[in-house]
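Engineer: Following is a predicted model, sequence given first.
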Amino acid sequence: MATRILALAVVGVLMLAGCGGSQPAPAMPAGGTTPLKVIAAESFLADIAQNVAGDRLVIDSLIPTGVDPHGFEPTPADVRKVAESDVLIVNGAGFEAFLSKLLANAGGERLVIEAAAGLASRAAREGETAVMSDTELAEALCAEASELSAAQITAGDAAAAPELNAHGAEDAGHATEEHGDEHGATLWSVTLAQQAGGRYAGFLKLDAEGGEVAIATSGGALTVTRGADQTPVGIEKTLPLDCAGLTQAAILDLESDEYLIALKDFAASQATLMMGSPGGHHHDEGDPHFWLDPARVITYVENIRDGLIAADPPGAETYRANAERYIAQLNDLDRAIAADVAQIPAADRQLVTNHESFGYYADRYGFRIIGTIVPSVSSGASPSAQQLARLTERVRATGAKAIFLETGANPQLAEQLARETGIQVISDLYTHSLSAPDGPAPTYLAMMRYNTQRIVEGLTAAQR
């Protein structure tokens, strides 16, 4: 049966201790004889959902505590867990990049509840950069290309084109060495066949996992088609490049499928081709970090409530009552955070973070985002030297006091920024995962209180 997706907001809890009491007896699905199995993608989402479910359901978490969802790769065990589930709760808004492939591999039928359904993505305020500018994106692609060595591959005709995938390349049975970084960028030297009129051309097949992709070439024309019927794929934008033999880059939004890349009208028999990440263009839907604003989490709760009622109608009154209680706690949390932030002088309410995740928090509580080390809403992108230099200048110009990193983030670039500006580094915020049960952020409510405490401490410290 095809996967059934219902775009309802949903929220869950991983730690039963956050709700109190003993482990609940799971509800039975309508007409069923086995317990209803409910999974939430992230631990903070599981905690929110558990507060809605109460003692009626056990909400399990797919992504382990402490693991960054941006880099999560489901294991076969994770696929089995989803395959056996009745309900899957996700944040949505493009946050779970692994979702479509996971659902395809799991197969079967389940209710998928999108917790963030109905929430509009924020627009960048003055002085912020929501995504990379074209110039910054070109710089980032060139920075990637400069660190890659070229692997050899021979392009063929459309029927017998060599295949590329996320991990390297194969050419008619001849394996080529993988030369890629952690973002999947790979640089190839492609041998093209001479065509009539003295120009050169060739075809490559790409087995894509989905998401935005940058395909850079050393001239000529590039077209991409999808699937067996070779449906044309539109190019979002084309950027001029001048690095590593590359002269242009096409930015495309791909789905999980097979694509045919046509290289035509090259003046030389040898072409350079790079496939890589377009940096700050992750999460096409916008910034998905709605949960860092407790007021928006009320929508999560309402959507989760409605999703659980759809999956388990006999529990409707329980879910409604639990949701009402938890919404009251979220309103209390919102007021408490606002009171804590009031301790920070207005001029000092400036945030420098690891990546673009605190936009909604900043909007809610009156902060100004000075900049981010990673100029993207994804923690998996990389900054260029020019982007770091611009951030250093902004920190010096504004007098920002601290840079805030989530736990598990590599502090190397933040520490470099600190050495150059005198800014302090606070590296223990919890943003994408709860802490262990004995840590400072075992529930969503505790996570938000703890993060605010650390932000207030960092920005009310003595002047440098």
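Structural biologist: Received it, and whenever you're ready, just let me know what you need.
Engineer: Next, the buried residues of stretch 241-253.
Structural biologist: Buried positions in stretch 241-253, judged by neighbour count with 16 or more other CB atoms under 10 Å: 241, 243, 244, 245, 246, 248, 249, 250, 251, 252. All C-beta atoms are positioned from the backbone trio N, CA, C, and that covers glycine.
Engineer: Surely the second one touches residue 146?
Structural biologist: Yes - Residue 243 is in contact with residue 146 according to CB atoms under 8 Å; the separation is 6.3 Å.
Engineer: Do you have the strands of the stretch 51-200 of the chain handy? List them.
Structural biologist: 59-61, 87-90, 111-114, 150-154, 163-165, 168-171, 174-175, 186-191, 193-194, 200-217 (DSSP state E, counting those that start in this stretch).
Engineer: can you count the residues close to residue 81?
Structural biologist: Residue 81 has 17 neighbouring residues, counting by other CB atoms under 10 Å.
Engineer: pLDDT score assigned to it?
Structural biologist: In this prediction, residue 81 carries a pLDDT score of 97.
Engineer: Residue 383 too?
Structural biologist: Looking at residue 383, its pLDDT reads 63.
Engineer: any idea which helix is longest in this protein?
Structural biologist: Taking DSSP state H as the criterion, the chain has its longest helix at helix 316-341.
Engineer: picking that back up, tell me the one of the buried residues of stretch 241-253 nearest residue 348?
Structural biologist: For those, the residue nearest residue 348 by CB to CB is residue 251; the value is 37.9 Å.
Engineer: For the host helix or strand of the closest one, which strands pair with it and how are they oriented?
Structural biologist: Per DSSP states H and E: residue 251 is located in strand 246-266. Strand 246-266 has its sheet partners listed here by DSSP bridges as strand 200-217 (antiparallel), strand 221-226 (antiparallel), strand 235-243 (antiparallel).
Engineer: Just the helices from the stretch 351-464 of the chain, written as ranges.
Structural biologist: Along the stretch 351-464 of the chain, the segments classed as helices by DSSP state H, counting those that start in this stretch run 359-365, 385-398, 412-421, 444-459.
Engineer: of all those, which lies closest to residue 230?
Structural biologist: With CB to CB as the measure, helix 385-398 is the member of the helices of the stretch 351-464 of the chain nearest residue 230 (37.6 Å).
Engineer: relative to helix 412-421, how tilted is that closest one?
Structural biologist: 50 degrees (axes from the mean of the first three to the mean of the last three CA atoms, to 10 degrees).
Engineer: Pull the residues that contact helix 385-398.
Structural biologist: The contact list for helix 385-398 (CB atoms under 8 Å, 6 or more residues apart in numbering) reads 136, 139-140, 143, 350, 352, 370-373, 375, 383, 400, 403, 413, 416-417, 420-421, 423.
Engineer: likewise stretch 298-305?
Structural biologist: Residues contacting stretch 298-305 (CB under 8 Å, 6+ apart): 8-12, 45, 48-49, 51-52, 89, 113-119, 290-291, 319-320, 322-323, 326-327, 330-331.
Engineer: just for the stretch 201-350 of the chain, where's the confidence low?
Structural biologist: Applying pLDDT under 70 to the stretch 201-350 of the chain picks out residues 210-211, 277-285.
Engineer: Let me know the pLDDT of the residue of the chain most remote from its centre.
Structural biologist: Here the centre of the chain is the reference, and by CA atoms, centre = their mean the most remote residue is residue 197, at 45.9 Å. With respect to pLDDT, residue 197 has a value of 85.
Engineer: can you tell me which residues contact residue 402?
Structural biologist: So residue 402 contacts 352, 423, 424, 425, 426, 458, 459, 461 (CB under 8 Å, 6+ apart).
Engineer: Cool, thanks, signing off.
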